[in-house]
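> Provide a 3D model corresponding to the input given below.
(one chain, ligands or ions: 4)
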Amino acid sequence: VSARATDPLAAIAELAGAPLRRGLEQVELRLREIAGKSAPARETIEAGGKRLRPLLVFVAGMGGQDATAELVRAAVAVELIHAATLVHDDVLDAAPLRRGRPTVFASGGRGAATATGDLLFSRAFAELARNDSAAQLAALSAASTALAEGELMQREDAWRVDVPVSRYMLRCELKTARLFEAAIELGRLATGGPPLGRFGVGIGLAFQLLDDVLDVSGPASRTGKRRGTDLLDGTVTLPLIMARERDPSLAALDLRDLRDAEALCDRIVESGALETARETALELVAEAKQALPARLQARQRQALLAIADGVVDRYA
Ligand code: IPE
Ligand code: IPE
Ligand code: MG
Ligand code: MG
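Ligands and ions are numbered 1, 2, ... in the order given. So this is what the prediction gives:
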């Protein structure tokens with residue numbers, strides 16, 4: 001909870017006014033109801049998180065009025081898909097920590113984590129089905145398919161230190177950016193708001209790039225995850241790809257032999273690759289802002305620009 005209060009994205013929700021705040025409160029209540037009696041599902045929801053995707057649904061779909069029940073259900077559904085994905089992602093990545101707490105995988109094992117992810121995932125679609133919109137279901141199922149494809153691609157590319165940047169970017173688009181895009185699309189579909197073009201994909205990509213930077217930069221006290229988690233499970237991300245281009249001594253690196261992830265993180269930092277990766281993310285955010293359609297309500301434009309900056313500020 002304290003992490004949320006200091007998060008720039010939480011500050012945006014404050015600034016955006018009472019209707020949006022009330023909408024997010026309704027999302028929280030409904031998420032807790034839906035997690036219901038399953039302890040790991042409840043713990044997953046109660047561990048918090050930034051609720052960035054519900055925020056996107058609301059900003060894409062809300063005028064100055066209170067959110068409709070339909071919009072709240074769309075926001076809840078997107079967050080449930082995200083939560084389900086994280087629980088499953090932590091199985092795939094064998095991750096010990098998430099949001100500063102042991103993952104379901106670490107505390108309950110593979111079976112519990114698989115079942116908990118499946119529960120959250122199914123309840124996401126059950127919630128969205130109540131909106132009676134084939135278009136909304138199509139948008140969310142396309143994004144969750146992309147997500148699964150991105151995770152599969154990450155497994156296929158595991159340990160491949162020579163993965164091309166283009167393939168890395170495609171993986172980020174599939175596993176992260178498409179859900180951002182779907183959040184915006186659901187907001188639009190539920191309320192008849194304007195389309196926002198490539199904005200969602202652009203900030204989604206930047207978000208994943210910066211997450212990958214944070215995995216290397218740490219510290220764990222800030223990320224809620226151990227430093228170098230990606231490297232340890234063979235996930236090759238932009239910082240390492242760029243460090244290998246700069247530091248020839250990294251050319252022969254085999255991640256399977258990695259003993260000291262901290263030390264490799266330090267070498268990546270020393271190569272200057274984190275700055276370059278960060279700059280790439282900043283460019284994507286700048287392009288996303290530019291891609292916003294010209295004819296938007298001033299208030300909505302302001303909120304979207306603030307979210308784009310918030311994505312970056314989290315990592316400043
Ligand atoms: C984490 O997403 C997974 C990525 C796409 C990098 P978030 O950083 O939005 O996770 P929470 O919900 O705030 O914990
Ligand atoms: C993002 O990938 C998770 C999904 C989009 C499924 P990561 O594996 O980088 O996310 P974290 O670092 O575990 O949060
Ligand atoms: Mg992970
Ligand atoms: Mg990560």
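> Show me which residues of the chain sit near ligand 3.
89, 93 (Cβ under 5 Å from the ion). No exception for glycine: its C-beta is placed from N, CA and C like everyone else's.
> and the chain, which of its residues are near ligand 1?
49-50, 52, 99, 176, 208, 211 (Cβ under 6 Å from any ligand atom).
> do you know how far the residue of the chain found nearest ligand 1 is from A83?
Per Cβ to the nearest ligand atom, G49 is where the chain lies closest to ligand 1, at 2.6 Å. Distance, G49 to A83, using Cβ to Cβ, to the nearest Å: 8 Å.
> if we can go back for a sec, so for the residues of the chain next to ligand 1, which is the shakiest by pLDDT?
Among those, R99 carries the weakest pLDDT, at 88.
> my guess is that residue meets G49, correct?
Yes: the criterion here is Cβ atoms under 8 Å, and R99 meets it with G49 at 6.1 Å.
> the helices in the stretch 1-150 of the chain, which residues?
Ranges of helices within the stretch 1-150 of the chain are 2-5, 8-15, 18-35, 39-46, 52-61, 69-92, 104-129, 134-156, based on DSSP state H, counting those that start in this stretch.
> Could you identify which of those helices is most buried?
helix 52-61 (a mean of 27; mean count of other Cβ atoms under 10 Å).
> Could you check how far L253 is from E275?
20 Å.
> okay, these two: which has more neighbours?
Between L253 and E275, L253 has the larger neighbour count (other Cβ atoms under 10 Å), namely 18 against 13.
> Which parts of the stretch 201-316 of the chain are helices?
220-223, 229-232, 238-246, 261-270, 273-290, 298-313.
> Between those helices, which one is closest to E151.
helix 229-232 (13.3 Å; Cβ to Cβ).
> by contact count, what packs against that closest one?
helix 199-217, helix 261-270 (3 or more Cβ pairs under 8 Å, 6 or more residues apart in numbering; DSSP states H and E).
> Adding mean neighbour count and distance to V165 as columns, could you present the ones you listed in CSV?
Listed next are those as CSV, based on neighbours: other Cβ atoms under 10 Å; distance: least, Cβ to Cβ, whole Å:
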stretch, mean neighbour count, distance to V165
helix 199-217, 24, 11
helix 261-270, 17, 15
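> Of all those, which one is nearest A115?
Here helix 199-217 is closest among the helices and strands packed on helix 229-232 (Cβ to Cβ), at 26.0 Å.
> Against A134, how distant is the spatially most central residue of the chain?
Nearest to the mean C-alpha position of the chain, by Cα atoms, centre = their mean, lies T176 at 5.5 Å. Separation of T176 from A134 (Cβ to Cβ): 25 Å.
> Might you name the residue of the stretch 1-150 of the chain sitting closest to ligand 4?
Using Cβ to the ion, the closest approach of the stretch 1-150 of the chain to ligand 4 is made by D93 at 7.9 Å.
> Pop out the phi and psi values for that residue.
The phi/psi pair for D93 (degrees, to the nearest 10) reads phi -90, psi 0.
> Report the contact partners of it.
Going by Cβ atoms under 8 Å, 6 or more residues apart in numbering, D93 touches 229-230, 233, 235.
> No more questions from me, cheers.
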